[in-house]
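[1] Take this sequence and fold it.
(one chain, ligands or ions: 2)
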Amino acid sequence: MSKIKNICCIGAGYVGGPTMAVIAAKCPDIKVTIVDLNAARIAAWNDENLDNLPVYEPGLDKIVAQARGRNLFFSTEVEKAIDEAEMIFISVNTPTKTYGVGKGMAADLKYIELCARQIASVAKTDKIVVEKSTLPVRTAEAIRSILDNTGNGVKFQILSNPEFLAEGTAVEDLLNPDRVLIGGETTEGGEKAMQALVEVYANWIPAERILTTNVWSSELSKLTANAFLAQRVSSINAMSELCEKTGADVNEVAKAIGMDSRIGPKFLKASVGFGGSCFQKDILNLVYIAKSYGLNEVADYWEQVIIMNDHQKRRFAANIVKTLYNTVSGKKIAFLGWAFKKDTNDTRESAAIYVADDLLNEQANVAVYDPKVEAGHMYADLDYLETRSAAENAKGLTVFNDPYEALQGAHAIAVLTEWDEFKGYDWQRIYDNMNKPAFVFDGRNLLDADKLREIGFFFNAIGK
Ligand code: NAD
Ligand code: UDX
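    Residues are numbered from 1 along each chain as shown. Ligands and ions are numbered 1, 2, ... in the order given. Now for the predicted structure:
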């Protein structure tokens, strides 16, 4: 296989955009075209003002500026890009199914199938098709069946190349990944295709960090990695509740166990619950797969990670209500943060959505400030739950562009996202302008408890 010169990526989202921008920046000899059906998203990727890119990630604007128009292109011309490319990444969304068999658990593969069918109908030359989306183990089989039955003699190789970037650190993760995983068939054609993709990554990633496996191991490793990471968060969150009952401090426990080199310090931060588009979706998918093979104990084991996470979100909201004398009706509860973690504008499955929903059920007035999330997204997140009408959500939730205004006159503050800027606020000024007694519920263990207590706040933090 000669060197790849032309790459197409279907899906210009949180994964496709940053991943391909970094490939283009690091491989100036490869033309990279990212296509999407969503014309508004493509227009935003092409916006001259880099502040308007549809994905906010630290450092992404510089990477896009470096390559865009040189060898990086964003387009809605899906068929043209497929036709021209030697290698096609599929990076479309694979959300949890909301209908039919597997509803609420299985991954919805309709977008993946559409891509496979489109590639099959357009391709006139041999292609390497790369699964970049997170997929159930053995999805490559279905893609192969669609691609191999076109009857036009075009040959396809299918690789699995799951993405391990985390939002908020996507550019850093892509520039300097712990590993890149490539799964392919153990045939001559499969080996050659894997080698072609290895050579793309080898432009900036050391050979020892590029791992090749069979396709099924690669597909399953992605689900496994997310399940293990989420399990650590649920494990420390489970201990956080026990800490609150016993006088132990979850940060001290996390530090003490994290120094055991067998456990390690990462992903031990107790929180209001994990969010994001991946953890819940991928674990539910894993549970569904395990059940479909009749492995009920395996399924139950992993499902508990989700059950614990739901409990953590719920009990955070319940604790606010209980502490505020069992009623928040008509009270202003101010949220610092709505994104599911800092340094991203992504709100998918953010704990803030569920905490707000519970507080709105208790007739609280929720006021939100987030440095990167647009108000429209917050309302859409709440409306999606269908707990109450859009008009009621609009009435119950107010969005502020200025944090001090959001906090003014509040009965309580809930820290839902760990944005660094919250630490630097003038907390004396905030206290002076709040209803007394003034409560803070720190869902991220972010703020300085001693300092806030000295000012006069009643300070609550997860796991303390
Ligand atoms: P996303 O929703 O941000 O982006 C997907 C894009 O694909 C959308 O813009 C959509 O319009 C487009 N699309 C869907 N069908 C299409 C089609 N037929 N033709 C052209 N465009 C189409 O999703 P995402 O967060 O980028 O995730 C994509 C995949 O990567 C998922 O499988 C996800 O599990 C996985 N993943 C996500 C992350 C993450 O941090 N977000 C990390 C690793 C893996
Ligand atoms: C995750 C995986 O980390 C990444 O490898 C995969 O490709 C996509 O899914 P992401 O969801 O973007 O990435 O962010 P991550 O840093 O994993 O955080 C997920 C959630 O867990 C966030 O809500 C975060 O706040 C929470 N979290 C994380 C904790 O509550 N405590 C921790 O110690 C770590």
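[2] going forward, measure contacts between C-alpha atoms and count neighbours the same way
    Noted.
[3] give the contact list for Ala356.
    Residues in contact with Ala356 (CA atoms under 8 Å, 6 or more residues apart in numbering) are 317, 366.
[4] rerun that using 10 Å as the cut-off
    By CA atoms under 10 Å, 6 or more residues apart in numbering, the contact set of Ala356 is 317, 333-335, 338, 362, 364-368, 382, 393, 396-397.
[5] Please tell me the pLDDT value assigned to it.
    At Ala356 the predicted local confidence, pLDDT, stands at 98.
[6] now the one 10 residues further on
    At Val366, the pLDDT value in this model is 98.
[7] repeat for Asn149
    On the pLDDT scale, Asn149 gets 86.
[8] which residues does it contact?
    Neighbouring residues of Asn149 by CA under 10 Å, 6+ apart: Ala120.
[9] can you check Val92 too?
    Contacts of Val92 by CA under 10 Å, 6+ apart are 9-16, 36, 109-112, 115, 131-134.
[10] and the least confident helix or strand in the chain by mean pLDDT, does that touch ligand 1?
    Of the helices and strands making up the chain, the lowest-confidence element is helix 139-147, at a mean of 91, by mean pLDDT, DSSP states H and E. No. Between helix 139-147 and ligand 1, judged by CA under 6 Å from any ligand atom, nothing touches; the nearest distance is 11.9 Å.
[11] Contacts for that helix next, please.
    Here helix 139-147 makes contact (CA under 10 Å, 6+ apart) with 109, 112-121, 123, 129-131, 148, 154-160, 184, 215-216, 219.
[12] mind listing what's buried in it?
    Neighbour counts over helix 139-147 (16 or more other CA atoms under 10 Å) mark 139-140, 143-144, 146-147 as buried.
[13] to the chain's geometric centre, what's the distance from the next helix or strand after it?
    Following helix 139-147 in sequence order, the next helix or strand is strand 156-160 (DSSP states H and E). Offset of strand 156-160 from its chain centre (CA atoms, centre = their mean, to the nearest Å): 25 Å.
[14] Mind giving me the packing neighbours of strand 156-160?
    If you count contacts as 3 or more CA pairs under 10 Å, 6 or more residues apart in numbering; DSSP states H and E, strand 156-160 packs onto strand 87-90, strand 127-131, helix 139-147, strand 180-184, helix 188-201, strand 210-214, helix 215-246.
[15] Same list (these) but as TSV, adding distance to Leu416.
    Converted to TSV, the helices and strands packed on strand 156-160 look like this (distance: least, CA to CA, whole Å):
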stretch	distance to Leu416
strand 87-90	33
strand 127-131	33
helix 139-147	36
strand 180-184	32
helix 188-201	36
strand 210-214	36
helix 215-246	15
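[16] Quick check on the contacts of Val92: which are buried?
    By neighbour count, with 16+ other CA under 10 Å, these hold 9-16, 36, 109, 111-112, 115, 131-134 as buried.
[17] Keep those, but drop any that are not near ligand 1.
    Counting by CA under 6 Å from any ligand atom, 10-16, 36, 111, 115, 133-134 from the buried ones among the contacts of Val92 sit close to ligand 1.
[18] pLDDT below threshold where in the stretch 51-200 of the chain?
    Along the stretch 51-200 of the chain, segments meeting pLDDT under 70 are nowhere present.
[19] need the residues of it near ligand 1, please.
    Counting by CA under 6 Å from any ligand atom, the residues of the stretch 51-200 of the chain close to ligand 1 are 91-94, 111, 114-115, 133-134, 163-167.
[20] among those, which are in reach of ligand 2?
    Contacts with ligand 2 within these, counted by CA under 6 Å from any ligand atom: 163-167.
[21] what comes up buried for stretch 41-58?
    Of all the residues in stretch 41-58, those buried under the rule 16+ other CA under 10 Å are 41-46, 50, 53-57.
[22] Which members of these define the maximum pairwise distance?
    Using CA to CA, these span at most 17.8 Å, a distance reached by Ala43 and Glu57.
[23] wait, isn't Asn460 in contact with Asp448?
    No. With contact defined as CA atoms under 10 Å, Asn460 and Asp448 do not form a contacting pair (11.0 Å).
[24] more crowded one of those two?
    Neighbour count, other CA atoms under 10 Å: between Asn460 and Asp448, Asn460 has more, with 19 against 11.
[25] Enumerate the beta-bridge partners assigned to the more buried one.
    Counting by DSSP bridges, Asn460 forms beta bridges with Phe441.
[26] And the pLDDT for it?
    For Asn460, the model assigns a pLDDT of 97.
[27] Now for the ones next to ligand 2 among the residues of the stretch 51-200 of the chain next to ligand 1: which two are most distant?
    The widest separation within these (CA to CA) is 11.3 Å, between Glu163 and Glu167.
[28] residues shared between the contacts of those two?
    With CA under 10 Å, 6+ apart as the test, Glu163 and Glu167 both reach 15, 173.
[29] Ser240: neighbour count?
    Ser240 - counted by other CA under 10 Å - has 26 other residues nearby.
[30] Kindly report the same for Asp310.
    Residues near Asp310, counting by other CA under 10 Å: 17.
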